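[1] predicted model and sequence follow; I will ask about them next.
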Amino acid sequence: MRNGTHVFILLSFPGHQYLKMSLFMLVFIMYILALFGNLSIMILVRSHPQLHTPMYFFLCNLSFLEIWYSTACVPRALAVLLGGDPTISFDNCPLQMYFVFSLGCTEYFLLAAVAYDHCLAICFPLHYNSIMNCTLLTQLVFGSWFCGFLSITIPTYMISTLSFCGPNIINHFFCDIAPWIVLSCTDTSLVELVAFIISFIVILGSCTITLVSYIYIISTILRIPSAMDQQKAFSTCSSHLTVVIIWYGSTIFLHIKPSIKNSLDLTKTVHVLNAIVTPLLNPFIYSLRNKEVKKALKRTVQFKSWA
C-alpha cells in the first residue's frame with residue numbers, strides 16, 4: 001500500500017510493563033534535564049554581553065538544535081512507553097524521519113563550523129575579528145542549517161515512495177530509515193545506496209573540515225613557548241572536541257555501513273545515545289569545561305541569591 005490510510009506501529013522498547021515504566025521515568029527525566037540544560041545555555045549567553053561572541057553564537061545554535069532534535073523523537077517514544085497509541089500514519093512517518101535526520105545533518109555542519117572558528121581564533125588571533133565578522137558568522141550558521149535540511153530531502157522523498165504490503169511494525173522508537181525500508185515489499189537497493197552516499201558525504205565532509213582545523217590548531221598550540229598559554233589555548237577547544245568525539249563516535253556507526261538493514265536492535269540503542277544522552281551531556285560539557293560560561297553562571301547565581 002502507498003497511501004495515507006496505511007498506518008505503522010512503533011515497537012519502541014518491548015518488555016514487561018514495569019520495565020517500560022522504569023524506562024519511561026528514566027527517559028523522561030533525561031529529556032527534561034536536556035531541555036533545561038540547553039535552554040539555560042541559551043538564556044545565559046543571551047543575558048551576558050561578554051558572551052556575545054561568535055563561539056557562543058555557535059553554542060546557542062547547537063543548544064537550540066539539541067532541543068528540537070530530542071523533541072522530534074523523544075515525546076512520541078515516551079507516549080508509547082506510557083501506553084499511548086503506538087500507531088503512526090504513512091504520511092507522518094517520513095515527516096518525522098525528515099526532521100530527525102535533517103537536524104542530525106545540521107549538527108555535523110555546525111560542529112565543523114565551530115572547529116573552523118576555533119582554528120581562526122587560535123591560529124590567526126590578530127586577524128580573527130576581521131575574518132570572523134558578522135557576515136561570515138551568519139553565512140556559516142545559515143549554511144549549516146540550510147545544507148542540513150537540504151541534504152536529507154532526496155532520500156526522504158525516495159523513501160516516501162516505497163510500497164508496503166506486509167508487516168507494519170517498526171522496530172524502533174521513532175521512524176528511522178532502516179526499520180522503515182525493511183518493511184517495504186519493493187526493491188530498496190537504490191534507496192540504501194542514496195542514503196549511504198548522502199551520509200558518507202555529510203559525515204566525511206564535515207569530519208574533514210573538523211580534522212584539518214584541529215591539525216592546524218594542534219600544530220599552532222605546540223609552537224607556543226609558554227606551557228600556560230598552551231593550556232589556555234587548548235581549553236578553548238576542549239569542550240568542542242569532547243562533543244565531536246561523542247557525536248561522531250555514535251553516528252558513524254549508524255550511517256557508514258554497507259547495509260542499513262542490519263543490526264536494527266543495536267541501531268536503536270545507539271539512537272538512544274544520540275537523541276537523549278548526547279543532548280543531555282552537551283550543556284554540562286560546555287558549562288563545566290568552559291571558564292567563561294562558569295563565570296557567567298556563577299554571577300547569575302550570585303545575583304539571584306542577592307536579589
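    The structure has been received and is ready for your questions.

[2] any idea how far residue 167 is from residue 185?
    Relative to residue 185, residue 167 is positioned 10 Å away (CB to CB, to the nearest Å). No exception for glycine: its C-beta is placed from N, CA and C like everyone else's.

[3] could you do residue 275 as well?
    Distance of residue 275 to residue 185, computed by CB to CB: 29 Å.

[4] any stretches of the protein with poor pLDDT?
    Where the chain drops to pLDDT under 70, the residues are 1-5, 252-266, 287-291, 293-294, 296-297, 300-307.

[5] so which residues of it form strands?
    Ranges of strands in the chain, per DSSP state E, are 7-10, 87-89, 169-170.

[6] quick check on residue 275 and residue 185: which one has the bigger neighbour count.
    Taking other CB atoms under 10 Å, residue 275 and residue 185 do not tie; residue 275 has more neighbours (26 against 12).

[7] OK, contacts around that one?
    By CB atoms under 8 Å, 6 or more residues apart in numbering, the residues touching residue 275 are 69, 70, 73, 74, 100, 174.

[8] which elements pack onto the longest helix seen in the chain?
    Counting by DSSP state H, the longest helix found in the chain is helix 189-222. Contacts defined by 3 or more CB pairs under 8 Å, 6 or more residues apart in numbering; DSSP states H and E place helix 189-222 against helix 92-123, helix 134-151, helix 153-160, helix 177-182, helix 227-255.

[9] out of those, which gets nearest to residue 19?
    Judged by CB to CB, the one of those that comes nearest to residue 19 is helix 177-182, at 20.7 Å.

[10] the closest one: how far from the chain's middle?
    How far helix 177-182 lies from its chain's middle: 20 Å, per CA atoms, centre = their mean, to the nearest Å.

[11] returning to that earlier point: give me the distance from the longest helix of the chain to the chain's centre.
    Between the centre of helix 189-222 and the centre of its chain there are 15 Å (CA atoms, centre = their mean).

[12] how many neighbours does residue 299 have?
    Count around residue 299 with other CB under 10 Å applied: 14.

[13] so it sits against residue 48, correct?
    Yes: using CB atoms under 8 Å as the test, residue 299 is close enough to residue 48 to be in contact (7.4 Å).

[14] circling back: just send the strands of the chain back as TSV, with mean neighbour count and distance to residue 78 too.
    Compiled in TSV, the strands of the chain are given as follows (neighbours: other CB atoms under 10 Å; distance: least, CB to CB, whole Å):
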stretch	mean neighbour count	distance to residue 78
strand 7-10	18	12
strand 87-89	15	14
strand 169-170	18	16
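
[15] can I get the ones you listed in TSV including distance to residue 27?
    Shown next, in TSV, are the strands of the chain (distance: least, CB to CB, whole Å):
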stretch	distance to residue 27
strand 7-10	14
strand 87-89	18
strand 169-170	18
